[in-house]
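sequence first, predicted model second:
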Amino acid sequence: MIWLSWRLHRSAVFAFVAIFGVMAALYLVDSFRLQHAFDVANLRECIGVLNNASCHTRVALFIEYDAGWRIVTALLVIAAAGALGVFLGAPMVGTEFERGTWQWIWTQPISRTRWLAVNYLVVAAMVAALGAMLGAVFSWWARPLTALQGRFDVLMFDNTPLMCAVYSLFGFSVGVAASALLRRTLAAMGATIAVFLATRFAFDFLLRRHYMAPVRVEWTADEHGRPLSVDRRNWSFTGSWADSSGKDVDDVTISRMLDPQTNPAAAGHEWHEVLRQNGIHYYDWTQPYQRFGTFQLIEAGIFLGLTVACAALAFWRIRRRTA
């Protein structure tokens, strides 16, 4: 049965191996260029450095120009993880119904549960391996970037070997469940894309920041806006102005405080001097970069749970399917 499962899916697997191989080769080749630019700019001395104008300028130029296509490269990896679910998971059950071969397969001595279990486990192992491989290559390419700005950036966080493997397994499991429920390959593919993207979006931009309570980081007004006043490696959320008692101050109050017409004492002074004289400072909510490993394990556990739930749904539906 394992051999038969491999025979059924080997064409798609070979296609992904070829595509991922080309992507991996491009990442590996470009990694030497990126590392060379990192070394030439002597950016290693800027890792974790705060309030240094020279480092701020060099890091900004490196990220904008030398690593300018990082968004495209990262999105390619994210799309590849979803494609594994679409093209390997969604057709698994749907094609059997569309071709009518389910009537022959499920009348053989092997049970439908065992048939799905073998197919699911064999393909899932290959999906996890392909995802981890792609994540490893991207992480190798992104080493200079992660050294400077940490791994909490969405594009870096999502494309580690662990998360690529987990996301690929999740997409594959969603595809199998959609295939079992809808019995149509194209419909299952569409549902897989929608569920995969919606889930990823929810975790990336809504849920992830709540895994652990953030730390409040404050600095005085004259430091606000200075280069690297906050460690780039941390994950910082939008903060606000606060007075000396810690109470939030809205932007309207700040504007009035800085306007000489409404606050004559502000005349002839820099904006940060006025705010400092009034005890105004800025705060931000931050996840320290040291929590990265914990966040990865938490999210991996959640997505593995979702993967198991989707697999269970597929098995439940197959067992109950009679026509």
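Great, that's in hand.

residues contacting Val174?
Shown in contact with Val174 (CB atoms under 8 Å, 6 or more residues apart in numbering): 85, 89, 191-192, 195-196, 310. C-beta coordinates here come from the backbone N, C-alpha and C atoms, glycine included.

out of those, which are buried?
Buried members of these, scored by 16 or more other CB atoms under 10 Å, are 85, 89, 191-192, 195-196, 310.

let me know the closest of these to Pro288.
Closest approach to Pro288 among those (CB to CB): Phe196, at 29.9 Å.

mind listing what the closest residue to Ala136 other than its chain neighbours touches?
Excluding the flanking residues, the one nearest Ala136 by CB to CB, 6 or more residues apart in numbering is Pro161, at 4.5 Å. Counting by CB under 8 Å, 6+ apart, Pro161 makes contact with 131-133, 135-136, 139.

distance of Pro161 from Val59?
Distance from Pro161 to Val59, counting by CB to CB, to the nearest Å: 26 Å.

do the same with Ser111
Applying CB to CB, the value for Ser111 to Val59 is 59 Å.

these two - which one has more neighbours?
Counting neighbours by other CB atoms under 10 Å for Ser111 and for Val59 shows that Val59 has the greater number, 21 against 12.

is it true that the more buried one touches Arg232?
Yes: between Val59 and Arg232 there is a contact at 7.4 Å, judged by CB atoms under 8 Å.

what residues are shared contacts of the two?
With CB under 8 Å, 6+ apart, Val59 and Arg232 have common neighbours 148-149.

following the helix or strand of the chain with the lowest mean pLDDT, which helix or strand shows up next?
When each helix and strand of the chain is scored by mean pLDDT, DSSP states H and E, helix 102-105 comes last, with a mean of 54. Downstream of helix 102-105, the next assigned helix or strand under DSSP states H and E is helix 112-141.

next, Trp285: secondary structure please.
strand (DSSP: H, G, I helix; E, B strand; the rest coil).

can you give me the pLDDT of it?
With respect to pLDDT, Trp285 has a value of 87.

hmm, Met212 and it touching each other?
No: checked against CB under 8 Å, the pair Trp285 and Met212 is beyond contact range at 11.5 Å.

wait, Ser179 sits on Thr185?
Yes: using CB under 8 Å, Ser179 makes contact with Thr185 at a distance of 7.0 Å.

what about His210, distance to Ile302?
For His210 relative to Ile302 (CB to CB), the value is 12 Å.

over to Ala81?
The gap separating Ala81 from Ile302 is 16 Å, by CB to CB.

then Ala194?
As judged by CB to CB, Ala194 and Ile302 stand 19 Å apart.

repeat for Val154
Remark: distance between Val154 and Ile302 (CB to CB) = 16 Å.

what's the answer for Val118, then?
Taking CB to CB as the measure, Val118 falls 27 Å from Ile302.

repeat for Leu75
22 Å.

show me which of the two is the more surrounded one.
More crowded of Leu75 and Ile302, by other CB under 10 Å: Ile302, with 17 against 13.

am I right that the more buried one is in a helix?
Yes: remark: Ile302 belongs to a helix, assigned using three-state DSSP.

who's the closest spatial neighbour of it, skipping the chain neighbours?
The shortest distance from Ile302 to any non-neighbouring residue, by CB to CB, 6+ apart, is to Phe203 (7.7 Å).

quick one: contacts for the one you found?
By CB under 8 Å, 6+ apart, Phe203 lies in contact with 299, 302-303.

would you mind putting these into TSV with pLDDT and distance to Ser245 alongside?
Listed next are these as TSV, based on pLDDT from 0 to 100; distance: CB to CB, whole Å:
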residue	pLDDT	distance to Ser245
Glu299	97	37
Ile302	97	39
Phe303	97	42
